[in-house]
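Chemist: quick one: sequence plus predicted model below, questions after.
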Amino acid sequence: MENPANGGADSGVAPITGWICDAGKVEIAFDAGCSLGDGTMLVEAAYGLTRADTQGICGDTNNGFVFLFNYNNCTAGQHTFRALADGVEFDRSTFSVSTFGTDFLRDADSLAPATVVQMVGADADVYEALLEWQQSKQNFAIVETEKLPNTLSEFLAAIVGPWRGTWKSLTRTGNLSFTFEATPTLGLATTNVTITETGCAANAQSTTDIEYIDLPYVEATMADGSEVLLHFYPTENLQMLGGTFWIKTGACAGLEGVLTLHPATP
């Protein structure tokens, strides 16, 4: 079983696919949290599809199977599907599912940005993709891509290190400092977060790594338990950061403002 991929994530309407050399019938068994709309938990897949890549293993090519499935028919969370050949399990996949809480989301429309890193090393190209909601797929499709001017290594070299600056809201101002660090997977983490003059505890500990390197976003918990969300917006030459913050819980809940930051001098 190739899709859903073991350890991966799935959503929307997508094919369950894979191959096996010899079978009279291939079936897919869902777990207790998934079914078809009528409650069916065991379905027969179309089998015998041409798969040229199986010639060397099977001695022929008619070994592929496929079944189109709506993952909205699963509860959100982890699931396991099993692939059966003539009633005998030959593979399984455990993966996670996210949904909008309905079996088919209608009349929805959304455009959303995403960051795509071509992971071929530290000099990987970075793209910003624009995603559009497609009802028939119950998922997003790429409608536009733009290659960013910096490779991954150039971006990290320019942005990793200590930053400091100021924040401003409608009622007060203060200082902000933190450090960007590269993760082992060539991502970004935020450490040593300090936010002053909020009325809450100044020091914060980051609780999330940054997933979208061209639009850094982090959640942190301040020393008094207040949760703060920070968005950063790098300038084109990566010499400054703008951004926003919002304290969503604790004594300062609701406080928000804008940020202006620059690399801290040694």
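Modeler: Perfect, I can see it now. Numbering: from 1, shown residues only.
Chemist: these two touch, right, residue 222 and residue 199?
Modeler: No: counting by CB atoms under 8 Å, residue 199 is not a contact partner of residue 222; they are 10.7 Å apart. Glycine gets a C-beta too; all of them are placed from N, C-alpha and C.
Chemist: so between these two, which is more surrounded?
Modeler: Higher neighbour count among residue 222 and residue 199: residue 222, with 23 against 14, using other CB atoms under 10 Å.
Chemist: next up, the contacts around the more buried one.
Modeler: 195, 198, 200, 201, 202, 203, 204, 228, 247, 250 (CB atoms under 8 Å, 6 or more residues apart in numbering).
Chemist: show me what it is bridged to.
Modeler: Beta bridges link residue 222 to residue 204 when assigned by DSSP bridges.
Chemist: distance of it relative to residue 72?
Modeler: As for residue 222, its distance to residue 72 is 37 Å (criterion: CB to CB, to the nearest Å).
Chemist: over to residue 54?
Modeler: Counting by CB to CB, the gap from residue 54 to residue 72 is 31 Å.
Chemist: likewise for residue 193?
Modeler: Using CB to CB, residue 193 is found at 38 Å from residue 72.
Chemist: next one: residue 147
Modeler: Between residue 147 and residue 72 the computed distance is 33 Å (CB to CB).
Chemist: who has more neighbours, the two?
Modeler: The residue with more neighbours, out of residue 147 and residue 72, is residue 72; 22 against 12, by other CB under 10 Å.
Chemist: which ones are touching that one?
Modeler: In this structure, residue 72 makes contact with 11, 12, 13, 99, 100, 102, 103, 104, 105, 138, judged by CB under 8 Å, 6+ apart.
Chemist: can you flag the buried ones in these?
Modeler: Those of those that meet the buried threshold are 11, 12, 13, 99, 138, by 16 or more other CB atoms under 10 Å.
Chemist: list the contacts for the residue nearest the centre of the chain?
Modeler: In the chain, the centroid-proximal residue (CA atoms, centre = their mean) is residue 211; its distance is 7.3 Å. Going by CB under 8 Å, 6+ apart, residue 211 touches 115, 187, 217.
Chemist: residue contacts, the first one?
Modeler: Right, residue 115. Taking CB under 8 Å, 6+ apart as the contact definition, residue 115 lies against 126, 127, 128, 129, 211, 212, 213, 214, 215.
Chemist: swap in the last one?
Modeler: The contact partners of residue 217, by CB under 8 Å, 6+ apart, come to 208, 210, 211, 229, 230, 231, 232.
Chemist: what residues are bridge-paired with the fifth one?
Modeler: If I follow you right, that is residue 230. Here residue 230, judged by DSSP bridges, has bridge partners residue 218, residue 245.
Chemist: and for it, the neighbour number?
Modeler: So residue 230, with other CB under 10 Å, has 23 neighbours.
Chemist: show me the strands in the stretch 101-250 of the chain, by range?
Modeler: Along the stretch 101-250 of the chain, counting by DSSP state E, counting those that start in this stretch, strands occupy 111-117, 126-134, 139-147, 161-168, 173-182, 188-195, 203-206, 217-222, 227-234, 241-247.
Chemist: can you name the farthest residue from the center of this protein?
Modeler: What lies farthest from the middle of the chain is residue 59; by CA atoms, centre = their mean that is 38.9 Å.
Chemist: SS state for the closest residue in space to that one that isn't next to it in sequence?
Modeler: The spatially closest residue to residue 59, leaving aside those adjacent along the chain, is residue 21, at 7.7 Å (CB to CB, 6 or more residues apart in numbering). Under the three-state scheme (DSSP: H, G, I helix; E, B strand; the rest coil), residue 21 adopts coil.
Chemist: just put the contacts of residue 115 in TSV and tack on pLDDT and distance to residue 95.
Modeler: Formatted as TSV, the contacts of residue 115 follow (pLDDT from 0 to 100; distance: CB to CB, whole Å):
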residue	pLDDT	distance to residue 95
126	80	27
127	84	25
128	83	27
129	87	22
211	76	19
212	74	22
213	73	25
214	69	28
215	75	27
